[in-house]
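>>> Sequence and predicted structure are below.
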Amino acid sequence: MNNNKTYAVINLQDLNKIDFNEISETSKNTIRKNILNPATQFTIKWINGNTPSFIDDGSVTIVGSVMTHSEALELMATDAWTEPMPE
């Protein structure tokens, strides 16, 4: 599958700086947060080549580096992002 999105992890404290018109998520209710208690990070995605202005201008700093779809899926499979399945 050819996914034309770029993904990034953002610190939750920057949530109010996100312009949801520039990313695929539509609101604070549609972001994916890590499962730490309390949550500390969330993910966003956008169409390749259309980096959101809040990242370009440094208003929001990404955690780590931008990711491809497959890299984001790998991250989402980690213990910090997904509850373990009951045995």
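Sure thing, it's come through.
>>> which stretches of this protein have low pLDDT?
Scanning the chain for pLDDT under 70 picks out 1-2.
>>> what are the ranges of the strands in it?
5-11, 32-33, 41-47, 62-67 (DSSP state E).
>>> ok, so what distance separates A80 from N34?
5 Å (Cβ to Cβ, to the nearest Å). Quick note: C-beta positions are derived from backbone N, CA and C, even for glycine.
>>> neighbour-wise, which of those two wins?
N34 (20 against 12; other Cβ atoms under 10 Å).
>>> Would you check that the more buried one makes contact with T82?
No - with contact defined as Cβ atoms under 8 Å, N34 does not count as touching T82 (9.3 Å).
>>> Looking at strand pairing, list the partners for the most centrally placed residue in the chain.
Taking Cα atoms, centre = their mean as the criterion, T43 is the residue nearest the geometric centre of the chain, at 1.3 Å. Legend: beta-bridge partners of T43 under DSSP bridges are V9, R32.
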